[in-house]
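Fold the following and give me the result.
(one chain, ligands or ions: 2)
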Amino acid sequence: MPLALLWVVTPSTEVCSGLGVTDSLVGRSISNGRSKRISKKQENLNSWRLNVAKPKNRSERYPVLSSMVANPTGEMAVLSSEQRVYDVVLKQAALVNRELKKREDLDLDVKPDIAVPGTLSLLGEAYDRCGEVCAEYAKTFYLGTQLMTPTRRKAIWAIYVWCRRTDELVDGPNASHITPTALDRWEARLEDLFSGRPFDMLDAALCDTVTRFPIDIQPFKDMIEGMRLDLRKSRYKNFDELYLYCYYVAGTVGLMSVPVMGIAPESKAPTESVYNAALALGIANQLTNILRDVGEDSRRGRVYLPQDELAQAGLSDEDIFTGKVTDKWRNFMKKQIKRARMFFDEAEKGVSELSAASRWPVWASLLLYREILDEIEANDYNNFTKRAYVSKAKKLLALPIAYAKAKLPPRSISSMSKV
Ligand SMILES: CC(C)=CCC/C(C)=C/CC/C(C)=C/CC/C(C)=C/[C@@H]1[C@@H](COP(=O)(O)OP(=O)(O)O)[C@]1(C)CC/C=C(\C)CC/C=C(\C)CCC=C(C)C
Ligand SMILES: [Mn+2]
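Ligands and ions are numbered 1, 2, ... in the order given. Below is the predicted model:
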């Protein structure tokens, strides 16, 4: 643990009540609202590949940069969201590869604790608190982490808590007080913790985690960027826009998690393809989340469905606000569900490449979230007034299935492109 932690690993009253982070962040209230996310590219669903074309003319500094780049003839070209996100994937994979070279494998649990007197027990408390938050907000997921090695489990809890707190800023009870300035402060706090200066106990746990695993700050910053987007945007023109949003708020989680979960030493898959699968799981989850919450979101004036695809289906925002299940709506939903399932399929390819002990929670999360799509179908596509949820019995059944799947060794899928 860096020395800098010494002065900050102290329980903060702010942290002890739930996830509260807003007190230190809020400025004047501006806008409320919460986003979810959905899509376009309907016409070429089958050609939607996550790991094909290496984007040309990549620019180094995604995502702050504009999506305009010069091609070899000097003309300006617009990068698709997929290309822009692919840059981040390559960057994260390169980071892990560099680390792999240094350590020969990703068995990062062996990194010893640096004993700074008096701080280890505080750090232990900080991680315990992260575990409690996790257990409270995501019981099944918490259970799934029990099979992971202790260091990895604690690290995933710390990441979970940071993500949950970030999400709560725009989705929690104090959302109406959150301004872009508050998000800027949250980002400054993130930078501080990455520099070894955490603000509170929960930050201290993440601060420790990022010193143990090759975790980059970029996906964390991108998640905050997603929350900024949520504050200013309530419509998505097309799937390209929605894809970027999904990356920001959920694909990033996949990229944050892989360095902790670890890639199986016997895996032959290119690191980049495992990251692509992780990204795909985040996107699939988010698309599913959006489809589940169409009614709820519309009551907050938000439509996370690609406007062009709605129009092609003969639908408008008005139809969503009215909330009547028609054949037009059913057909539209079928296509959206199909796309979300494609992302789950893409994600599946990567799970078995993860280190053995990390596969169970990932399979569990994949199976359970995908099941929501089945429930939407079972509700005859009424996601306006009926919330699709997975019953306790189905959740329980998914756990042993996930366990069995997690036992399968890496298969280094032939469809994955070698770098
Ligand atoms: C094993 C596992 C799932 C690990 C990830 C743990 C982790 C760090 C989760 C953070 C989740 C979080 C709080 C994100 C904040 C933004 C957010 C809320 C996103 C939505 C999640 C669902 O939350 P919920 O149902 O509570 O939604 P509401 O707030 O109620 O609206 C998301 C839909 C997306 C979360 C994204 C993931 C869980 C992606 C996980 C991907 C991996 C772990 C990569 C696995 C690796 C391979 C190779 C497949
Ligand atoms: Mn949420």
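
When you work out contacts or count neighbours from here on, use the C-alpha atoms and nothing else.
Noted.

Which of the helices and strands in the protein ranks last by mean pLDDT?
Ranked by mean pLDDT, DSSP states H and E, the weakest helix or strand in the chain is helix 13-16, scoring a mean of 33.

What parts of the protein come near ligand 1?
Neighbours of ligand 1 within the chain, by CA under 6 Å from any ligand atom: 156, 159-160, 163-164, 167, 249-250, 253-254, 257-258, 274, 277-278, 281-282, 285-286, 289, 347, 350-351, 361-362, 365.

Could you rerun that using 5 Å?
Residues of the chain lying close to ligand 1 (CA under 5 Å from any ligand atom) are 159-160, 163-164, 167, 250, 253-254, 274, 277-278, 282, 285-286, 347, 350-351, 361-362.

and the residue nearest to Lys386 when sequence neighbours are not counted, what are its phi and psi?
Leaving aside its sequence neighbours, Lys386 sits nearest to Asn379 (CA to CA, 6 or more residues apart in numbering; 7.3 Å). Note on Asn379: its backbone torsions stand at phi -80, psi 10 [degrees, to the nearest 10].

Just want to check the distance between Asn379 and ligand 1.
Noted for Asn379: a distance of 18 Å to ligand 1, by CA to the nearest ligand atom, to the nearest Å.

Does that residue touch Val390 like I think?
No - Asn379 lies out of contact with Val390 (CA atoms under 8 Å); the separation is 11.9 Å.

residue in the stretch 1-150 of the chain nearest to ligand 1?
Phe141 (6.4 Å; CA to the nearest ligand atom).

Outline the domain layout of this structure.
Per automatic domain parsing, the structural domains of the chain span 37-112+233-419, 114-215.

circling back: Provide a list of residues in contact with the residue of the stretch 1-150 of the chain closest to ligand 1.
Cys134, Ala135, Pro361, Ala364, Ser365 (CA atoms under 8 Å, 6 or more residues apart in numbering).

and the first one, what element?
Using DSSP states H and E, the secondary-structure element containing Cys134 is helix 120-137.

Could you do the third one as well?
Following DSSP H and E, the helix or strand that holds Pro361 is helix 359-378.

now what about that helix, what contacts it?
Taking CA under 8 Å, 6+ apart as the rule, helix 359-378 contacts 141, 143-145, 147, 281, 285, 288, 292, 337, 341, 344, 351-352, 382-383, 388-390, 395, 398-399, 402-403, 405-406.

try 6 Å
Gly144, Thr145, Ala388, Leu399, Ala402, Tyr403, Ala406 (CA atoms under 6 Å, 6 or more residues apart in numbering).

now for the residues you listed, which pair is the farthest apart?
Spanning the widest gap among the contacts of helix 359-378 are Ala388 and Ala406, at 26.3 Å by CA to CA.

any idea how far the residue of the stretch 1-150 of the chain closest to ligand 1 is from Arg153?
Distance of Phe141 to Arg153, given as CA to CA, to the nearest Å: 11 Å.

Then Ile290?
Using CA to CA, we find Ile290 at a distance of 28 Å from Arg153.

Name the nearest residue to Leu123, sequence neighbours excluded.
Excluding the flanking residues, the one nearest Leu123 by CA to CA, 6+ apart is Ala205, at 6.4 Å.

wait, I meant Ala347
Once flanking residues are discounted, Ala347 sits nearest to Ala277: 4.1 Å by CA to CA, 6+ apart.

who does the helix or strand hosting the one you found touch, helix- and strand-wise?
According to DSSP H and E, Ala277 maps onto helix 271-292. Using 3 or more CA pairs under 6 Å, 6 or more residues apart in numbering; DSSP states H and E, the elements in contact with helix 271-292 are helix 252-261, helix 327-351.

So which of the ones you listed is the most surrounded?
Comparing the helices and strands packed on helix 271-292 by mean neighbour count (mean count of other CA atoms under 10 Å), helix 252-261 ranks first with a mean of 25.

Give the rounded mean pLDDT of that one.
Across helix 252-261, pLDDT averages out at 97.

How about residues contacting it?
Under CA under 6 Å, 6+ apart, the answer for helix 252-261 is Arg152, Pro214, Pro219, Ala278, Leu279, Gly282, Ser358.

Let's see if you can find the most crowded of those residues.
Most neighbours among the contacts of helix 252-261, by other CA atoms under 10 Å: Ala278, with 30 neighbours.

Okay, that one and Lys101: tell me how far apart.
Per CA to CA, Ala278 is found 22 Å from Lys101.

can you check Gly226 too?
On the measure of CA to CA, Gly226 and Lys101 end up 33 Å apart.

For these two, indicate the residue with more neighbours.
A count of neighbours by other CA under 10 Å puts Gly226 above the other of Gly226 and Lys101, at 22 against 10.

The more buried one belongs to a helix, doesn't it?
Yes - the assignment for Gly226, made by DSSP: H, G, I helix; E, B strand; the rest coil, places it in a helix.
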